[in-house]
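Engineer: Output the structure for:
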Amino acid sequence: MGLRTIDDIHELMAAPRQAAVLIAALELGLFWRLKDRPLSSAVIAQEMKIPPRRCHHWLRLLATMNLLEQEGDHFGLSPLARAAILDIHTQEAWKLLAIDAAENLEDSLFLAQHLRDANPEKDSAGQFRYQLDPYVQKMEADLDRARLFSQTLYELHTPLAQDVAAALEVNGARSLMDVGGGSGVVSLALLRKHPELKATVVDIANVCIAGREIADKLPEQDRISYYPANFVEDELPKGFDIVLKCDVSIFDDTILAKLAGSLNEGGRLVIVDRWFDMGEKETARRLAFVLSKSLRNPEYSLRSLEDIGAGLTKAGLTVEPIVELPYGSWKMIQARKGVSSLPKP
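Structural biologist: Next up, the predicted model:
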């Protein structure tokens, strides 16, 4: 809903502080401390090593947001917090989401400066150089952060992985490369359904370590491998029947051509991502995502399905009908390299 009054403007300017209050509660695990019974603010302050008066102010703000219920000096979970937080994701998943939100919030508060930042360096062809997302840079430097990310995405993407496994016809394929595959959650879902398939997950080194740790606990561990690489800048292995790119929103023509080069003749490039209709679904959240991407590449924009189809055709692939997935607004694009020469299933 758009702003209507001066009070709406003041409320919106105060909103980052409310967001920070919630983010802190998630990152510090407050809601899980209260899942069994209410506690006094003094006990919460002592357990969480927060100055008592400051802690009381924080808890009261959470109560005004309908996330806690206050009775005297005691605070307990509200029905909203239990249903929308504890019952939805694990504490570890919420912690990562909170850390990401805090970092995005910090960047957003200095947007006036970032909007005027000098354009990123261009290469010899006049194209803007690719820049890793800040969270990827942090995972490159911190294995524990990569572990938290990988475990969280394994949890959050399990429904999507199951939808992809149900919708994707393997058709005799034996080898899969999962580009930017993280924990390998989608690959593992496909391996469970197709015992003849083997998968190689390509991601940065620390994410590969974290993904390997997850896979080693599963029956499919011997059929999945992890290949540490920055898939934009580094050479990729070749000779795959399927190349999968799921929830990795990089669609440059050069990347599409590079991925096509890893396919066997008759193989398929499979792209799974979210594409929204224009108009009423042009949400503030989506527009904020596009703006954040443009801070690293001033010419960034979300490519339409038609544009991506043209890029796939330019890469020498034949685009097949788009598949709508049940999970959210996800769609699956498939494009084949030449004529299928794969054995029949």
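Engineer: Do you have the helices of the stretch 101-250 of the chain handy? List them.
Structural biologist: Secondary structure of the stretch 101-250 of the chain by DSSP state H, counting those that start in this stretch: the helices cover 111-115, 134-141, 143-156, 158-167, 185-193, 205-215.
Engineer: who touches the third one?
Structural biologist: Translated: helix 143-156. 89-90, 92-93, 95-97, 99, 135, 138-140, 182-183, 185, 204, 206-207, 209-211, 213-214 (Cβ atoms under 8 Å, 6 or more residues apart in numbering). C-betas here are computed from N, CA, C, even on glycine.
Engineer: Repeat the analysis, applying 7 Å as the threshold.
Structural biologist: Outside helix 143-156, the residues within contact range by Cβ atoms under 7 Å, 6 or more residues apart in numbering are 89-90, 92-93, 95-96, 138-139, 182-183, 185, 206-207, 209-211, 214.
Engineer: Can you tell me which of these are classed as buried?
Structural biologist: 89, 93, 95-96, 138-139, 182-183, 185, 206-207, 209-211, 214 (16 or more other Cβ atoms under 10 Å).
Engineer: End to end on stretch 36-53, go ahead and measure it.
Structural biologist: End-to-end distance for stretch 36-53, by Cα to Cα, to the nearest Å: 24 Å.
Engineer: Would you mark the buried spots in it?
Structural biologist: Neighbour-count burial for stretch 36-53 [16+ other Cβ under 10 Å]: Pro38, Leu39, Ser41, Ile44, Ala45, Ile50.
Engineer: element containing the fourth one?
Structural biologist: Counting by DSSP states H and E, the element that carries Ile44 is helix 41-48.
Engineer: Next: the last one.
Structural biologist: Assigned by DSSP H and E, Ile50 falls within no helix or strand.
Engineer: Quick check on it: phi, psi?
Structural biologist: phi -120, psi 140 (degrees, to the nearest 10).
Engineer: Where do the strands of the stretch 151-300 of the chain begin and end?
Structural biologist: Secondary structure of the stretch 151-300 of the chain (DSSP state E, counting those that start in this stretch): strands at 175-179, 198-203, 224-228, 240-246, 263-274.
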